[in-house]
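Participant: below are the sequence and a predicted model; questions follow.
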Amino acid sequence: MASFVIRHKRTAILALIFILGILIYSNTWNASFQFDDRDHILSNWSIHNISDIPTIWKLNFKTRFLPTLSLAFNLFLTGSDVFSYHLFNLGIHLFNAFWVYCLVLLICATPKMQQSFSRETVYDLACFSALVFLCHPLQTQAVTYIIQRLASMVTFFYLGAIVFYLRGRIEKRTVDYGLAFGMTIAAMFCKENAFTLPLAIVLVEILFFETQEKRKTLFRLLPFLLTLVITPFLIHSNSNANPALHQFIPNALIKNNAFSRGEYFLTEINVLCTYLRLFLFPIHQNLDYDYPISHSLLEPKTFLCFLLLTGLLAAGIWMLKKNRLVTFSIFWFFLTLSVESTFIPLDDVIFEHRMYLPLAGLAILLAFVLHRFLRRRSHFMIAGTLVILTLSCMTYARNNVWKDEISLWSDTIHKSPHKARGYGNLGFAYAERGEQQKAYDLYEKSIQIDPLYANSYYHLGLYYAQKNDWQKAIALYQKTIALDPQHCQAYNNLGTYYARIKDMDRAADALEKAILSNPSYVVGYDNLGVIYHDKGDIEKAIKTFQKAIEINPAYAPPYLRLGLILKDYGDWKNSADLFQHSSHLDPLYADPVFALGQLYLETGDLKAAKIQVGKLKTLNRSDMAQYLERKIAEHTAAPQKPRAP
């Protein structure tokens, strides 16, 4: 009978999580790609071919391999249609809420907690904790913002590892230890804050289990502790391939922000208090906070926040003798934020998605506090229902802001009116819609706020380039480079402009600087190869295209360029293979289809050439299709013998 009741309640909470989660995120199915989604998904050629897993591994963050692989799977399934991405993100979020439910149940079944609450109370605490985790508006950035499945996926494996470890300890099941260890390994390939997972397992062991047999306990924990080396190893092994990874290395230098490691730590003291405020009062949420840097512990705000956090930590220690669930919740908050909010400086001091995993601990703490002060179960149920309904409404409202880039960045500049990035990104969103004047005004506003913000000069350069005002565009690209010497796109655009005016030496110089500023910038290599080819240095061109392919085997244009070179040398078979491979890598890329059509015309294979015409029409390249049709007609009227290879 007891097992039936347990099973029945588990089914009920699963159904409630599923239904409520679907409802509060029902307005996100068509929410557009945002912010970093473009660079990491749409413009990330390395994930456009899911069958080439070695390339996905090589060219992306190794510590984020599993989320990246999942994005490649979404691209394979639905391309740029956002529905499948949001479905995956929400599915992970729903499962994570269930993990929180299981976590509370299992903690309360451990030797040091099993007498603390009645069975009824345990289920109430578990359900409320899971629903707070599910419905809290702070979670929207990790769920609705597609790329931030990084946060939800690491949480999936993080919570899963602890749940299986707890069940293995309670029921003494070896298979659960194996599952816990496997999920620990998987978490290390989702995000860098998985580094703290082995320490969280040690925390669980110390708080909730008897540790008289220290040797046996150490033997049990040792495999998990050995995984601590994985994250640092992966970061160092990949840091040369992607300079952005350097921000996670302990001696990293900050490139974009003028603050020291000590100032970052002091600022994070304030940030942690902001996170606590957002948890208790989730209002004025913001994608891009204009957060002040703290320079001294004696600053009033920083000192008060330090006292608050110290008091919270002290309360966690004091509650060791009273209720270890509270201690666990408080320690969880600090531990899971320790990678991103202590001494390792990141470019942005605050982001709401960093609270996704820590919020599990705060949800449990809120459940305990509410239950303690509302002793009657009926009062707890009423208050809990009101809390969940309020959070659900706030989450639904916050998700409306994420519907597209215009609404998101409009909200951002309203809340951070003195920060340049929001205006620049809103300008870019309007430019994408073709509203160039609005884009121009926002770029100018961004520069007015921060004359040192390089990206707005760059985008303003794009604006003038589109209007063929190259003199202003070039000046703005040069200003971009002066402010950010590592801005490879600005060098690239300079190079392509000089190529337009046939100044090949200056074009080559600019493009060489582009790849020097970012050695993995495959577009720069591709354009530089074209310049070498046009200068007549075929050997250099071939080597440059081969280097582009080595950097990113999933990037289509260099295969086309090499194919054209081989075609000029009469190697039609290999040329055709390269054109076909280029088209396979990027089915929307019309140039290799056109090149194949021309090749088939020259070899007299008119049937194959007509097939390429059909493909070009499908790609809406009527200009290329009509050209080939004219040539086919000419060949039909006056048949020619194919040239020998």
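Facilitator: Structure received. Residues are numbered from 1 along each chain as shown.
Participant: residue boundaries of the helices in the stretch 401-550 of the chain?
Facilitator: 405-415, 420-432, 436-449, 454-466, 470-483, 488-500, 504-517, 522-534, 538-551 (DSSP state H, counting those that start in this stretch).
Participant: could I get those as a markdown table with mean neighbour count and distance to residue 566?
Facilitator: To be clear about C-beta, it is placed using only N, CA and C from the backbone, and glycine gets the same treatment. Listed next are the helices of the stretch 401-550 of the chain as a markdown table, based on neighbours: other C-beta atoms under 10 Å; distance: least, C-beta to C-beta, whole Å:
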| stretch | mean neighbour count | distance to residue 566 |
| --- | --- | --- |
| helix 405-415 | 19 | 42 |
| helix 420-432 | 23 | 37 |
| helix 436-449 | 19 | 41 |
| helix 454-466 | 22 | 33 |
| helix 470-483 | 18 | 34 |
| helix 488-500 | 22 | 22 |
| helix 504-517 | 20 | 23 |
| helix 522-534 | 23 | 12 |
| helix 538-551 | 18 | 9 |
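Participant: for residue 584, which of those is the nearest?
Facilitator: Comparing the helices of the stretch 401-550 of the chain against residue 584 with C-beta to C-beta, the closest turns out to be helix 538-551 (13.9 Å).
Participant: distance from the chain centre to the next helix or strand after that closest one, please.
Facilitator: As assigned by DSSP states H and E, the chain's next helix or strand after helix 538-551 is helix 557-568. Relative to the centre of its chain, helix 557-568 is centred 34 Å away, using C-alpha atoms, centre = their mean, to the nearest Å.
Participant: how about stretch 51-60?
Facilitator: 16 Å.
Participant: stretch 148-162 now?
Facilitator: Centre to centre, stretch against its chain (C-alpha atoms, centre = their mean), the figure for stretch 148-162 is 13 Å.
Participant: make 11 the starting number, not 1.
Facilitator: New numbering, starting at 11: the last item is stretch 158-172.
Participant: distance to residue 186 added to the helices of the stretch 411-560 of the chain, as a markdown table?
Facilitator: Converted to a markdown table, those look like this (distance: least, C-beta to C-beta, whole Å):
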| stretch | distance to residue 186 |
| --- | --- |
| helix 415-425 | 42 |
| helix 430-442 | 46 |
| helix 446-459 | 53 |
| helix 464-476 | 49 |
| helix 480-493 | 54 |
| helix 498-510 | 48 |
| helix 514-527 | 50 |
| helix 532-544 | 44 |
| helix 548-561 | 43 |
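Participant: dump the ones you listed into a markdown table; add mean pLDDT and distance to residue 176 as well.
Facilitator: Formatted as a markdown table, the helices of the stretch 411-560 of the chain follow (pLDDT from 0 to 100; distance: least, C-beta to C-beta, whole Å):
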| stretch | mean pLDDT | distance to residue 176 |
| --- | --- | --- |
| helix 415-425 | 96 | 39 |
| helix 430-442 | 94 | 42 |
| helix 446-459 | 95 | 50 |
| helix 464-476 | 94 | 47 |
| helix 480-493 | 94 | 52 |
| helix 498-510 | 93 | 48 |
| helix 514-527 | 93 | 49 |
| helix 532-544 | 94 | 46 |
| helix 548-561 | 92 | 44 |
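Participant: which SS class is residue 122?
Facilitator: coil (DSSP: H, G, I helix; E, B strand; the rest coil).
Participant: ditto for the one 4 residues further on
Facilitator: For residue 126, the secondary structure call by three-state DSSP comes out as coil.
Participant: what's the burial count for it?
Facilitator: Other residues within reach of residue 126, judged by other C-beta atoms under 10 Å, total 15.
Participant: surely residue 430 is in contact with residue 453?
Facilitator: No. Residue 430 lies out of contact with residue 453 (C-beta atoms under 8 Å); the separation is 9.7 Å.
Participant: shared neighbours, these two?
Facilitator: Shared contacts of residue 430 and residue 453, defined by C-beta atoms under 8 Å, 6 or more residues apart in numbering, comprise residue 466.
Participant: could you list the domains of the chain?
Facilitator: 19-411, 566-655 (automatic domain parsing).
Participant: distance from the longest one to the middle of the chain?
Facilitator: It refers to domain 19-411. Worked out by C-alpha atoms, centre = their mean, domain 19-411 lies 15 Å from the chain centre.
Participant: what's the first-to-last distance across that domain?
Facilitator: 35 Å (C-alpha to C-alpha, to the nearest Å).
Participant: thinking again about what came up before, which one, of the domains of the chain, ends up nearest to residue 528?
Facilitator: Across those, closest to residue 528 is domain 19-411 (C-beta to C-beta), at 7.0 Å.
Participant: average model confidence for the closest one?
Facilitator: What domain 19-411 shows for mean pLDDT is 91.
Participant: on that earlier part again, and the helices of the stretch 411-560 of the chain: which comes nearest residue 41?
Facilitator: helix 415-425 (9.0 Å).
Participant: residue 619 contacts residue 638, doesn't it?
Facilitator: Yes. Shown here, residue 619 and residue 638 form a contact pair, counting by C-beta under 8 Å, at 6.2 Å.
Participant: and for the two, which residues touch both?
Facilitator: 607, 611.
Participant: what's the local residue count around the residue nearest to residue 588 when sequence neighbours are not counted?
Facilitator: Leaving aside its chain neighbours, residue 588 sits nearest to residue 573 (3.4 Å; criterion: C-beta to C-beta, 6 or more residues apart in numbering). By other C-beta under 10 Å, 26 other residues sit near residue 573.
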